[in-house]
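Peer 1: Sharing a sequence plus its predicted fold:
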Amino acid sequence: MNKANILVVDDELIERQTLTDILRLEGHHVNSVPNGEAAVDYVRLNPVDLMVLDLRMPGMSGLDVIKVVNRISPDIEIILLTAHGSIESAIDALRSQVHDYLLKPSSPNQIIDSVTRGLSRRNAKIAEREHQQAEASSDENAVVILGDGTVVDYGRRLVRSETRTINLTPAEGRLLRIFVENIGKVFTHRELVLLVQGYSTTQQEAPEILRPLVSRLRQKLAGIPSLMKRVVSVRGTGYVFEDSRNSEGGKSK
């Protein structure tokens, strides 16, 4: 497991030192502060991956700290500790989207296990966000300009020619991209359902699922000379996106 920057927040000196020692023995970089105000100041100035936070403290309570920290650095995972557990406080903790809610005294193994899971959750969320950002960036930059000047913008899901602009649904955009990037390749109905919709279906069901989608796409492309009549049915198999030189006068059933 990667070592993390952890902040321990507790007004009780012995509890604060004990938690700090437990987590340092695990190899983490651990700092501690005695109250909520100091915790907020620390988070403003320092990187924190996970916070172990006491619920009841003089001044700012643990829940008050969570509200501020979520605005400053929403990626921080928070483990809330309390010696006065109640249904109300547990509900408040869940509403604040804390990673875990533990009763004092918690054993070292409980603390370590909760921290390990919290860091794993944090890493997973960051990785997912980075993946989504990379996909979005890729789509934003995925602009194809065809020979006649027609622009296909996958990120914005639109096709723009000299005379008109058409907007595509997400499924239509995915289908068009598959076709444009694979000119002349025959796709089966099942392959296209999987690639466009993300699930597998039977050979009998796939044509029924695709037919309305392909029909809508064809209708939208009908006014774009470089794209019209290029989505061609392959009898008993699926569809192919023909080269523009072969699409003149071609049938599209």
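Peer 2: Here it is on my side, so go on.

Peer 1: Quick check: pLDDT value at the closest residue to Glu172 other than its chain neighbours.
Peer 2: Take Glu172 and drop its neighbours on the chain: the residue closest to it by Cβ to Cβ, 6 or more residues apart in numbering is Leu217, 5.0 Å away. (Each C-beta comes from the backbone N, C-alpha and C, glycine too.) pLDDT, the model's per-residue confidence, is 94 for Leu217.

Peer 1: what's Leu217 in contact with, if anything?
Peer 2: The contact partners of Leu217, taken as Cβ atoms under 8 Å, 6 or more residues apart in numbering, are Leu168, Glu172, Leu175, Leu176, Val231.

Peer 1: wouldn't Gly59 be in contact with Ala38 here?
Peer 2: No: in terms of Cβ atoms under 8 Å, Gly59 does not count as a neighbour of Ala38; the distance is 9.4 Å.

Peer 1: Just want to know which of these two has more residues nearby.
Peer 2: Taking other Cβ atoms under 10 Å, Gly59 and Ala38 do not tie; Ala38 has more neighbours (16 against 12).

Peer 1: any low-confidence regions in this structure?
Peer 2: Scanning the chain for pLDDT under 70 picks out 1-2, 85-97, 131-141, 245-253.

Peer 1: how's it carved up into domains?
Peer 2: Partitioning the chain according to automatic domain parsing yields domains covering residues 5-137, 143-241.

Peer 1: What separation is there between the closest residue in space to Ile145 that isn't next to it in sequence and Glu162?
Peer 2: What sits nearest to Ile145 in space, not counting adjacent residues and going by Cβ to Cβ, 6+ apart, is Val151, at 5.5 Å. As for Val151, its distance to Glu162 is 10 Å (criterion: Cβ to Cβ, to the nearest Å).

Peer 1: the more surrounded of those two?
Peer 2: Set side by side, Val151 and Glu162 show more neighbours around Val151, with 14 against 9, by other Cβ under 10 Å.

Peer 1: Does that one touch Val144 like I think?
Peer 2: Yes: taking Cβ under 8 Å as the contact criterion, Val151 and Val144 are neighbours in contact, 7.4 Å apart.

Peer 1: between the contacts of Leu217, which is nearest Ile209?
Peer 2: Distance from Ile209 was checked for each of the contacts of Leu217 by Cβ to Cβ. The minimum falls on Leu175, at 11.7 Å.
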